[in-house]
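>>> Provided below are the primary sequence and the corresponding predicted coordinates.
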Amino acid sequence: MAGSKFAYVKKFELPDALLPNMFMVFRLDGHSFHRFSDQHGFTKPNDLRALQLMDHAAKSVMEEYKDISLAFGESDEYSFLLRKSTALYNRRQAKIVSTLTSLFTSCYVFHWPKYFPDLPLQYPPSFDGRIVLYPSQQEVRDYFAWRQADTHINNLYNTVFWALVQQGGQTTTEAHATLRGTISKDKHEILFSRFEINYDKIDPRYRKGSVLVRVETPEAPALDSSAQVDVLSTIPDDSSKRKKARAVRTHLELLHCDLIRDEFWDKYAHLLEQ
Ligand code: ATP
Ligand code: ATP
Ligand code: MG
Ligand code: MG
Ligand code: MG
Ligand code: MG
Ligand code: MG
């Protein structure tokens, strides 16, 4: 098909396939959510409804894109791990980033009223998106450790900051001044001695962020399951049919657990497989 004489302009489009056999981490972050959270009266330091809405949008993205094995969310951001071998959109970077960012954003808007029933959106929110490639499991682990360490640092700061303002009667300027130069130990101490808050007792959702893992659904017991197993056992182990049959039997779990120590990665070793 020759097309019109104008079709040559298509050739100016550059290929942007991402390197094969590399882990893809896709991260999105709310654009100007400092302002967005102000204008929508988010509770400080942590608005539970807003975090649950982020989790819901992330879960919807993972339901649509089965090659995402793991996701981590905090504040206005979410990171998604795509399998090394994913052939999603022939690994075209712009295509993946733009479709996933757009789906997440539309889910965020679509489900907004469930979490903020009395507060209509004041203006349309947007998110930026990017993909970073990592060559090995070690960098992927360190990437998620980096985001969770960030959650911890920010949440500790914000928890003390808002305690000083909301319970301690300080202005935001005074609270910033109080915290200037303090280390983690000092912040725990301020929380405990002035406000009787034991930081380690705060809901892990806020301290650890949100972890969405894709896990295999155990075989259903009794009659149905034996039929299923029979069907599967007739398909060769490495066939795409079998992989598909397997892929169907996964579900998503939302956790608020540690991602830095070995336990998580030992328990969910399959998340880093091909
Ligand atoms: P995708 O939407 O799958 O990411 P795309 O945007 O390149 O890829 P389409 O949206 O299906 O593809 O097509 C865009 C337009 O460009 C279509 O109208 C199609 O006719 C035209 N087009 C696509 N590829 C070529 C090509 N190689 N040469 C000339 N025209 C093309
Ligand atoms: P940028 O466009 O560069 O990302 P930003 O204003 O979104 O700018 P971030 O560093 O992404 O800056 O920080 C997001 C801000 O959104 C937080 O600092 C916090 O004020 C607010 N925010 C996001 N989620 C919540 C939440 N669940 N509860 C309370 N505040 C939140
Ligand atoms: Mg930022
Ligand atoms: Mg932001
Ligand atoms: Mg952010
Ligand atoms: Mg198109
Ligand atoms: Mg088109």
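Yep, that arrived. Ligands and ions are numbered 1, 2, ... in the order given.

>>> isn't residue 127 right next to residue 30, touching?
Yes. Between residue 127 and residue 30 there is a contact at 5.6 Å, judged by Cβ atoms under 8 Å. In this view, the C-beta of every residue, glycine as well, is placed from N, C-alpha and C.

>>> tell me what the helix ranked longest in the chain is packed against?
Longest helix of the chain, by residue count under DSSP state H: helix 137-166. Contacts defined by 3 or more Cβ pairs under 8 Å, 6 or more residues apart in numbering; DSSP states H and E place helix 137-166 against strand 23-30, strand 68-74, strand 77-82, strand 127-134, helix 172-179, helix 184-195, helix 204-208.

>>> any shared contact partners between residue 127 and residue 30?
residue 76 (Cβ atoms under 8 Å, 6 or more residues apart in numbering).

>>> How about the contacts made by residue 23?
Residue 23 sits in contact with 81-84, 133-137, 139-140, 272, where contact means Cβ under 8 Å, 6+ apart.

>>> how close does the nearest residue to it once chain neighbours are set aside sit to residue 84?
Nearest in space to residue 23, with sequence neighbours left out and distances taken as Cβ to Cβ, 6 or more residues apart in numbering, is residue 134 at 4.5 Å. From residue 134 across to residue 84, the span is 9 Å (Cβ to Cβ, to the nearest Å).

>>> More neighbours: which of those two?
Remark: of residue 134 and residue 84, residue 84 carries more neighbours, 21 against 17, as counted by other Cβ atoms under 10 Å.

>>> Same list, the helices and strands packed on helix 137-166, but as TSV with mean pLDDT please.
Shown next, in TSV, are the helices and strands packed on helix 137-166 (pLDDT from 0 to 100):
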stretch	mean pLDDT
strand 23-30	98
strand 68-74	98
strand 77-82	98
strand 127-134	98
helix 172-179	98
helix 184-195	97
helix 204-208	98
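
>>> any chance of these in CSV, with distance to ligand 5 too?
Shown next, in CSV, are those (distance: least, Cβ to the ion, whole Å):
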stretch, distance to ligand 5
strand 23-30, 4
strand 68-74, 8
strand 77-82, 4
strand 127-134, 10
helix 172-179, 19
helix 184-195, 20
helix 204-208, 15
